[in-house]
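Visitor: quick one, what's the 3D model for this:
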Amino acid sequence: MAYRKKDLRNALLFISPWIVGFLAFTLYPILSSLYYSFCEYKVIKDPVWIGLANYINLFKDATYIDALQNTLYMLLIGVPVTTATAITVSILLNNKHLHHTGPFKVIFFLPTLIPTIVTCFLWIWMFDYNGIVNKCLRFFGIKGPSWLNSVMWAKPAFVFFMIWTIGNAVIIYLAGLQDIDENLYEAAAIDGAGFVRQTTTITIPLLRHTILFNVVTLIIGVFQWFAEPLIITEGGPANSTMFYSLYLYQNAFRYFKMGYASAMGWILLLISLTIILVLFRAMRFGESYGD
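Guide: Numbering: from 1, shown residues only. Below is the predicted model of the structure:
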C-alpha cells in the first residue's frame, strides 16, 4: 500500500505540469467563455450579467443568420462534393490495372504543402474575372462570372477550394483501401460483379470508418474556416462568404463583443456536436461491416 501511494505521488508529480497547463490554459478559458456568454463583456470593462440576451440577439442578427447559412451551405454542398471527389480519386489511384499512379499521388498531395495565404492569393488570381478559370471557359465559348464578386458564385469558388486541398484525405483513403482484402474482390469478380458493384458493396462499406474520420475532420475544418474567407473575399460580397468563425472573430476582436462571441462559440459547439453524433449514429461507428 505504501508503494502504491508513493507511485501515485510520483505519477502526479510528473504529470503536474500538464495538469496545471490544462487547468490554466484549457479548462479555465472554457468555463470563462461559458460565463461570458451570459454577460455583456467588452474586455476593457468588467462583465455584466445579462442572462440569455446574447443568445436571443444572435438569432435577430441578420449577419449571424447569413454566416450560419453560409456555413451550412458548405456542410451540405461542399463536404459531400469534396468527400465524393476524394473517394473517387483514391479508388482510381488504388486501381491495380492503372500504371504509373505515383506521380498523380504526389500531384494531389502537393497543394496541402502550400501555405494557406499563398493558396488564397492563388485563388484570387485564378478566379478573377480575367483569371485563368474564365480564360479556360472562354476557350470553350463560355462567359465566366466574376466569381469572387458574385453573391451566386462566391461560395462555389470556395467549394472548389475545398476540392483543391483533398490531398490529406486521399492519403488516408488510400491507407484504408490497402486494408481491404483482395480476396473479396476476386470472389465478387467470380460471381460476376463489375467495378461499380464491387465499389458499392465492398469498397464503400469497408471504408466506412475511414470516411467517417475524414468527414468529421472536414466538418471541423469548415467550422474553423477563418483565414481563407478573410483573405480571399473578407466575407463579401453582401456577406455571401461570411462564415461562422470569421464573424465570431469580428465580434470578438474587431467589435470587442466578447460575450456575444462567446455565445456564438457555444452555439457552434452544440451544432458541431449534434452533427457529429448524428454521423456516428448514421454510419454505425464502432460496428463492424458484418454487424
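Visitor: show me what the longest helix seen in the chain is packed against.
Guide: The helix spanning the most residues in the chain, taking DSSP state H as the definition, is helix 258-282. The contact analysis (3 or more C-beta pairs under 8 Å, 6 or more residues apart in numbering; DSSP states H and E) places helix 258-282 against helix 28-36, helix 53-58, helix 208-223, helix 244-249. The C-beta positions use only the backbone N, C-alpha and C, and glycine is treated the same way.
Visitor: in it, what's buried?
Guide: Residues 258-268, 271-272, 275-276 are the ones in helix 258-282 that count as buried (16 or more other C-beta atoms under 10 Å).
Visitor: how about residues contacting stretch 151-169?
Guide: Contacting residues not belonging to stretch 151-169 are listed as 70, 73-74, 77-79, 81-83, 85-86, 89-90, 108-112, 119, 123, 127, 145-148, 214, 217-218, 222, 228-229, 232-233, 236-238, 240-241 [C-beta atoms under 8 Å, 6 or more residues apart in numbering].
Visitor: re the thing from before, and of the helices and strands packed on helix 258-282, who's closest to V133?
Guide: helix 208-223 (22.3 Å; C-beta to C-beta).
Visitor: and that closest one with helix 258-282, angle?
Guide: 160 degrees (axes from the mean of the first three to the mean of the last three C-alpha atoms, to 10 degrees).
Visitor: mind giving me the packing neighbours of helix 208-223?
Guide: On a contact count with 3+ C-beta pairs under 8 Å, 6+ apart, helix 208-223 meets helix 79-94, helix 167-178, helix 258-282.
Visitor: how about JSON lines for those, with distance to S33 and mean pLDDT added?
Guide: Converted to JSON lines, those look like this (distance: least, C-beta to C-beta, whole Å; pLDDT from 0 to 100):
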{"stretch": "helix 79-94", "distance to S33": "26", "mean pLDDT": "93"}
{"stretch": "helix 167-178", "distance to S33": "29", "mean pLDDT": "92"}
{"stretch": "helix 258-282", "distance to S33": "4", "mean pLDDT": "93"}
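Visitor: and those helices as a markdown table, adding distance to K42?
Guide: As requested, the helices and strands packed on helix 208-223 are exported to a markdown table (distance: least, C-beta to C-beta, whole Å):
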| stretch | distance to K42 |
| --- | --- |
| helix 79-94 | 35 |
| helix 167-178 | 39 |
| helix 258-282 | 7 |
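Visitor: out of the ones you listed, nearest to A62?
Guide: helix 258-282 (14.3 Å).
Visitor: chain center to the closest one, what's the gap?
Guide: Chain-centre distance of helix 258-282: 13 Å, with C-alpha atoms, centre = their mean, to the nearest Å.
Visitor: the chain should start at 638 in everything you say after this.
Guide: New numbering, starting at 638: the last item is helix 895-919.
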